[in-house]
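>>> Can you look at this prediction? I've put the sequence above it.
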Amino acid sequence: MQGKDKLFSQPITQLGEFKFDDQVAEVFPDMIQRSVPGYSNIISTIGHLTEQFHQPNSKLYDLGCSLGAATLAMRRAVKQDNVEIVAVDNSPAMVERCQKHLDAFRGSVPVAVICEDICDIEISEASVVVLNFTLQFVAQEQRLTLLKKIHHGMKTGGILIVSEKFHFSQASIQGLISELHLDFKRANGYSELEISQKRSSLDNVLVPDTIEQHKQRFADAGFSASELWFQCFNFGSLVAIK
Ligand SMILES: C[S@@+](CC[C@H](N)C(=O)[O-])C[C@H]1O[C@@H](n2cnc3c(N)ncnc32)[C@H](O)[C@@H]1O
Ligand SMILES: O=C(O)C(=O)C[C@]1(C(=O)O)C=C[C@@H](O)C=C1
């Protein structure tokens with residue numbers, strides 16, 4: 001049974017950079033549920049979109065899979081023949097638990113769980129690609145290259161789903177919407193100390209783009225259409241079609 005996220009509840013004298021290590025992996029379901037508004041809706045919609053868009057003889061990619069929540073939703077949605085899921089994360093702590101998690105649920109669709117940097121893997125024959133709160137952790141200057149590689153490895157008619165924390169270019173809107181997110185965290189039991197220590201540790205680690213930057217990048221990478229399908233405060237999800 002995984003635990004409650006208390007990682008930032010005590011004062012930390014040497015607050016390092018946020019890392020997806022053993023401690024975070026151990027409490028991750030609780031942490032993401034209490035930190036990201038709409039997370040469960042997004043996971044279930046990844047299932048619905050997979051059902052609609054996956055093609056026979058294709059691969060489905062979950063990039064930055066953590067414990068495999070999106071992978072599981074995708075696996076349940078597969079109806080076509082000869083489909084393989086590839087789940088990738090560069091955190092050994094996450095990959096180890098993800099494999100155990102997937103083994104605990106029955107499924108006939110093969111899943112390869114790979115510990116690697118998503119910028120280094122090959123993408124091919126993809127009909128569905130998911131970046132669920134992962135792109136924000138990739139260096140900004142590598143994001144377009146990654147999206148071009150994904151586009152290149154996708155089948156025509158395939159879908160890319162990108163969920164992210166957003167930044168807003170108008171300072172007043174950025175302030176207002178971040179405050180709504182902080183209230184969401186407070187309502188979920190996080191103290192001011194937990195909120196501020198986590199925020200400092202995520203500085204320069206989670207670097208959010210604006211919604212406009214995401215749409216421009218999709219176009220620059222070659223996607224024929226894209227749209228924001230979900231938003232709650234400064235979190236949301238976009239789709240892009242090849
Ligand atoms: C917020 S979590 C993703 C949550 C997960 N997709 C879900 O739906 O539950 C971000 C994950 O991306 C992984 N990650 C970040 N940068 C990565 C990279 N360059 N290559 C592979 N994985 C990466 C982290 O290790 C972490 O597990
Ligand atoms: O921005 C925050 O406050 C967050 O906690 C966000 C966020 C994320 O979007 O990935 C950061 C780290 C954890 O993986 C869970 C949630």
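Here it is on my side, so go on. Keep in mind that this is a model prediction, so the values were computed, not measured. Residues are numbered from 1 along each chain as shown. Ligands and ions are numbered 1, 2, ... in the order given.
>>> from here on, contacts and neighbour counts on C-alpha atoms
OK.
>>> got the buried residues for the lowest-mean-pLDDT helix or strand in the chain?
Lowest mean confidence among the helices and strands of the chain (mean pLDDT, DSSP states H and E): helix 192-202, at a mean of 93. Of the residues in helix 192-202, Glu194, Ile195, Gln197, Lys198, Ser201, Leu202 count as buried by neighbour count, 16 or more other C-alpha atoms under 10 Å.
>>> pretty sure Val95 is in a strand, no?
No - under the criterion used here (DSSP: H, G, I helix; E, B strand; the rest coil), Val95 is helix, not part of a strand.
>>> Looks like it contacts Ser66 (just checking).
Yes - at 6.7 Å, Val95 and Ser66 qualify as touching, with contact defined as C-alpha atoms under 8 Å.
>>> Find residues that contact each of those two.
Asp89 (C-alpha atoms under 8 Å, 6 or more residues apart in numbering).
>>> More neighbours: those two, which one.
Taking neighbours as other C-alpha atoms under 10 Å, Val95 and Ser66 compare with Ser66 leading, 28 against 24.
>>> Please report phi then psi for the more buried one.
The phi/psi pair for Ser66 (degrees, to the nearest 10) reads phi 50, psi -120.
>>> Ligand 2 versus that one, what's the distance?
Shown here: Ser66 relative to ligand 2, a distance of 9 Å by C-alpha to the nearest ligand atom, to the nearest Å.
>>> Grab the nearest non-local neighbour of that residue.
Excluding its sequence neighbours, the residue lying closest to Ser66 (C-alpha to C-alpha, 6 or more residues apart in numbering) is Met94, at 5.0 Å.
>>> measure stretch 59-74 end to end?
End-to-end distance for stretch 59-74, by C-alpha to C-alpha, to the nearest Å: 11 Å.
>>> Give me the mean pLDDT for the longest helix along the chain.
Secondary structure of the chain per DSSP state H: the longest helix is helix 171-187. For helix 171-187, mean pLDDT is 98.
>>> Would it count as contacting ligand 2?
No - interface with ligand 2: helix 171-187 contributes nothing (C-alpha under 6 Å from any ligand atom), its closest point being 7.8 Å away.
>>> burial measure for Ile12, as a count.
11.
>>> now the strands for this protein?
58-63, 83-89, 111-115, 126-132, 154-165, 225-232, 235-241 (DSSP state E).
>>> To Leu147, which of those lies closest?
Set against Leu147 and scored by C-alpha to C-alpha, the strands of the chain come closest in strand 154-165, at 9.4 Å.
>>> And that closest one, what does it pack against?
helix 39-53, strand 126-132, strand 235-241 (3 or more C-alpha pairs under 8 Å, 6 or more residues apart in numbering; DSSP states H and E).
>>> Please repeat the previous calculation with a cut-off of 6 Å.
Packing partners of strand 154-165 (3 or more C-alpha pairs under 6 Å, 6 or more residues apart in numbering; DSSP states H and E): strand 126-132, strand 235-241.
>>> Deepest in the core, which of those strands is it.
strand 126-132 (a mean of 26; mean count of other C-alpha atoms under 10 Å).
>>> Next, the angle strand 235-241 makes with that one.
Comparing the axes of strand 126-132 and strand 235-241 via axes from the mean of the first three to the mean of the last three C-alpha atoms, to 10 degrees yields an angle of 160 degrees.
>>> picking up where we left off before, the residue nearest to Ser66 and Ile114: what is the separation?
Separation of Met94 from Ile114 (C-alpha to C-alpha): 10 Å.
>>> neighbour count winner among the two?
Comparing Met94 with Ile114 by other C-alpha under 10 Å, the one with more neighbours is Met94, at 24 against 21.
>>> Now for the more buried one: which residues touch it?
Ala25, Ser66, Leu67 (C-alpha atoms under 6 Å, 6 or more residues apart in numbering).
>>> Please go through these and note which also touch ligand 1.
When contact is defined as C-alpha under 6 Å from any ligand atom, those meet ligand 1 at Ser66.
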